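Student: pasting a predicted model and its sequence here:
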Protein chains: 2
Amino acid sequence: GLVELAAGCFAPGLLTGRRVVITAGPTREAIDPVRYLSNHSSGKMGFALARAAAEAGAEVVLIAGPVDLATPERVTRIDVVSAQQMYEAALARSPGADLFIATAAVADFRPAEDAAHKIKKQPGQSEMTLKLVQNPDIVAGVAGSDKRPACVVAFAAETQNVEDYARRKLSKKGVDWVVANDVSRTDIGFGSDSNEILLVGRDHSEPFGPAGKQQVARFLVEAFARSLGT
Amino acid sequence: GLVELAAGCFAPGLLTGRRVVITAGPTREAIDPVRYLSNHSSGKMGFALARAAAEAGAEVVLIAGPVDLATPERVTRIDVVSAQQMYEAALARSPGADLFIATAAVADFRPAEDAAHKIKKQPGQSEMTLKLVQNPDIVAGVAGSDKRPACVVAFAAETQNVEDYARRKLSKKGVDWVVANDVSRTDIGFGSDSNEILLVGRDHSEPFGPAGKQQVARFLVEAFARSLGT
């Protein structure tokens, strides 16, 4: 379609010489060797952003949770499973980067214990409680780090009060932008090829879409490039 | 390879006129609109069994959890997500069937509540407990039902004491066979294309493999057909 035809002339050189780190997909938090906690993130938005940033000339590192997607051309991919692994990869790769975009749907909590063997149901047991502990906050960790990228972006997947939560997230995480969307809608967001977002900055907010995720990615890359002063 | 070449002459007509119901894959248990509990089952073993049973002439219904696999030829597929949905589909389809094979890795427990909106982390909250309740036992339910198929088969994915757990499962669930494998091994089982199993019956047990999952499926279909008296 038109979007694909336009790819060749998208933002040529807009991010040349820039280093971009992007997290994408879900994380999986092990309960035991066979069971885990996860979420419905497909990783499509993060992979679309990696493609758009590479098209714009950036050197891109994509830190990906378990997803079944092809790595975009000229993108360095690091595969991780858990939030802790994603956190360590993000903190290792973000120093010296210009732009950090946290699209991954990171599990807020993980099981307090990862059992070495499969947990067996006890006879007559009809209930159990799973004790969870908080995972490290990846985007807040990067935004608060010594060698903070000039531009740090969080995503907010919400099911209600989308703009309100996005504004709170902006200040709580210390980030420059929050990209918010409503995941209660089945036509956009998780798993879909389309998205409709609200880009929330410190001074203003701007809606975009509904549009294909690659179009949304290009809109966002241009906005972040402007905020980097290119 | 040889296995594919041999497919045309596998057990022709061994299950002609027989009805077979197979469950496959993981289940997903919703925590809220974005989060879930699941497990690493790929569904490959169940899909291989469905293919083998159809090749042997059976009328096959495959009840599949969320997996990314093509439906084998001449197999009727019913897609489900949760254990409760799989239970209902299994009880609806098993009356009148000759053979029921439960390969699915069904979640033993599901969250006590499926929150209508995404659960928000509270400020300063560093731990949480997830209350879980027991799911219905699908294979025991089918094995104990009024119109019980003549042959009911359970699978046991274990990480230790494999034969011991399989024998206990046989009597506890009231099934005719348990197919046990050791999922702590990374070369076989979940996600792999190979498997090494121990077929445990009331009177004897028989190891098979390591071999491709389609070969394992044919070995099992022949064993179950013998036990049906064909």
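Tutor: Cool, got the structure.
Student: buried residues, stretch A:210-229. List them.
Tutor: Under the neighbour-count criterion of 16 or more other Cβ atoms under 10 Å in any protein chain shown, stretch A:210-229 has A:211-225, A:228 buried. Heads up, the C-betas are built off the backbone N, CA and C, glycines and all.
Student: which one of the residues you listed is nearest residue B:156?
Tutor: residue A:213 (41.4 Å; Cβ to Cβ).
Student: how close does the closest one get to chain B?
Tutor: Computed as Cβ to the nearest Cβ, to the nearest Å, the residue A:213 to chain B distance reads 17 Å.
Student: that residue contacts residue A:196, correct?
Tutor: No: because the distance of 10.5 Å does not satisfy Cβ atoms under 8 Å, residue A:213 is recorded as not touching residue A:196.
Student: in strands, which of the buried residues of stretch A:210-229 appear?
Tutor: Among these, the members falling in strands are A:211, A:212 (criterion: DSSP state E).
Student: tell me which two in the buried residues of stretch A:210-229 are the farthest apart.
Tutor: Distance extremes for those: the farthest pair is A:212 and A:228 at 24.3 Å, using Cβ to Cβ.
Student: and residue A:136, what does it touch?
Tutor: Contacts here follow Cβ atoms under 8 Å, 6 or more residues apart in numbering or on different chains; on that basis residue A:136 touches A:83, A:84, A:87.
Student: just residue A:100 next, same as before
Tutor: If you count contacts by Cβ under 8 Å, 6+ apart, residue A:100 has them with A:20, A:21, A:22, A:90, A:94, A:139, A:142, A:143, A:149, A:151, A:152, A:153.
Student: got those residues as CSV, with distance to residue A:185 and secondary structure columns?
Tutor: What follows is the contacts of residue A:100, written out as CSV (distance: Cβ to Cβ, whole Å; DSSP: H, G, I helix; E, B strand; the rest coil):
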residue, distance to residue A:185, secondary structure
A:20, 28, strand
A:21, 29, strand
A:22, 24, strand
A:90, 28, helix
A:94, 31, coil
A:139, 23, helix
A:142, 29, helix
A:143, 28, helix
A:149, 31, coil
A:151, 28, strand
A:152, 27, strand
A:153, 22, strand
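Student: which one of those residues is nearest to chain B?
Tutor: Nearest to chain B among those: residue A:139, at 13.5 Å, using Cβ to the nearest Cβ.
Student: how about residue A:211, nearest residue that isn't a chain neighbour?
Tutor: residue A:194 (6.6 Å; Cβ to Cβ, 6 or more residues apart in numbering or on different chains).
Student: is that neighbour in a bridge, and if so with what?
Tutor: Counting by DSSP bridges, residue A:194 forms beta bridges with residue A:212.
Student: and the gap between it and residue B:86?
Tutor: Noted for residue A:194: a distance of 30 Å to residue B:86, by Cβ to Cβ, to the nearest Å.
Student: over to residue A:161?
Tutor: As it turns out, when the distance is counted by Cβ to Cβ, residue A:161 lies 35 Å from residue B:86.
Student: between those two, which is the more surrounded one?
Tutor: For residue A:161 versus residue B:86, neighbours defined as other Cβ atoms under 10 Å in any protein chain shown are more numerous around residue B:86 (27 against 14).
Student: so the more buried one sits right up against residue B:137, yeah?
Tutor: No: Residue B:86 is beyond contact range of residue B:137, at 11.3 Å (criterion: Cβ under 8 Å).
Student: identify the contacts common to the two.
Tutor: For the pair residue B:86 and residue B:137, no residue contacts each of them under the criterion Cβ under 8 Å, 6+ apart.
Student: nearest spatial neighbour of the spatially most central residue of chain A, chain-adjacent residues omitted?
Tutor: For chain A, residue A:103 is the residue whose C-alpha lies nearest the centre (Cα atoms, centre = their mean; 1.2 Å). Distance criterion Cβ to Cβ, 6+ apart; nearest residue to residue A:103, sequence neighbours excluded, is residue A:46 at 3.7 Å.
Student: could you report the neighbour count for the one you found?
Tutor: Burial of residue A:46 is recorded as 28 neighbouring residues (other Cβ under 10 Å).
Student: doesn't it belong to a helix?
Tutor: Yes: checked against DSSP: H, G, I helix; E, B strand; the rest coil, residue A:46 lies within a helix.
Student: ok, it - contacts?
Tutor: Counting by Cβ under 8 Å, 6+ apart, residue A:46 makes contact with A:22, A:23, A:24, A:25, A:62, A:64, A:101, A:103, A:104.
Student: tell me the pLDDT of the nearest residue to the first one once chain neighbours are set aside.
Tutor: What that stands for is residue A:22. With Cβ to Cβ, 6+ apart as the measure, residue A:101 is the residue that lies nearest to residue A:22, at 4.6 Å, once sequence neighbours are left out. Reading off the confidence values, residue A:101 has pLDDT 98.
Student: any idea which element residue A:88 lies in?
Tutor: In this structure, residue A:88 sits in helix A:83-93 according to DSSP states H and E.
Student: who in chain A is up against chain B?
Tutor: By the rule Cβ under 8 Å from any Cβ of the partner chain, the part of chain A lying against chain B is A:31-41, A:68, A:105, A:107-109, A:112, A:117-118, A:120-121, A:125-134, A:157-160, A:165, A:183-184, A:190.
Student: next SSE after the helix or strand that contains residue A:163?
Tutor: Secondary structure assignment for residue A:163, by DSSP H and E: helix A:162-173. Helices and strands here follow DSSP H and E; after helix A:162-173, the next one along the chain is strand A:177-182.
Student: just checking: what are the partner strands of that next one?
Tutor: strand A:151-158 (parallel), strand A:194-201 (antiparallel).
Student: check the ones you listed for me and report the most buried one.
Tutor: For the strands paired with strand A:177-182, the stretch with the most neighbours on average is strand A:151-158, a mean of 24; neighbours defined as mean count of other Cβ atoms under 10 Å in any protein chain shown.
Student: relative to helix A:162-173, how tilted is that one?
Tutor: 140 degrees (axes from the mean of the first three to the mean of the last three Cα atoms, to 10 degrees).
Student: gap between strand A:151-158 and the chain center?
Tutor: Strand A:151-158 sits 7 Å away from the centroid of its parent chain (Cα atoms, centre = their mean, to the nearest Å).
Student: tell me the mean pLDDT for it?
Tutor: Summarised as a single mean, pLDDT over strand A:151-158 is 92.
Student: next: stretch A:172-182.
Tutor: Looking at stretch A:172-182 alone, the average pLDDT works out to 93.
Student: tell me the buried residues in it?
Tutor: In terms of neighbour count (16+ other Cβ under 10 Å), stretch A:172-182 has its buried residues at A:173, A:175, A:176, A:177, A:178, A:179, A:180, A:181, A:182.
Student: just give the closest residue to the last one, not the sequence neighbours.
Tutor: Okay, so that is residue A:182. residue A:162 (5.1 Å).
Student: what about the one you found, distance to residue A:168?
Tutor: Spatial separation of residue A:162 from residue A:168 under the definition Cβ to Cβ is 11 Å.
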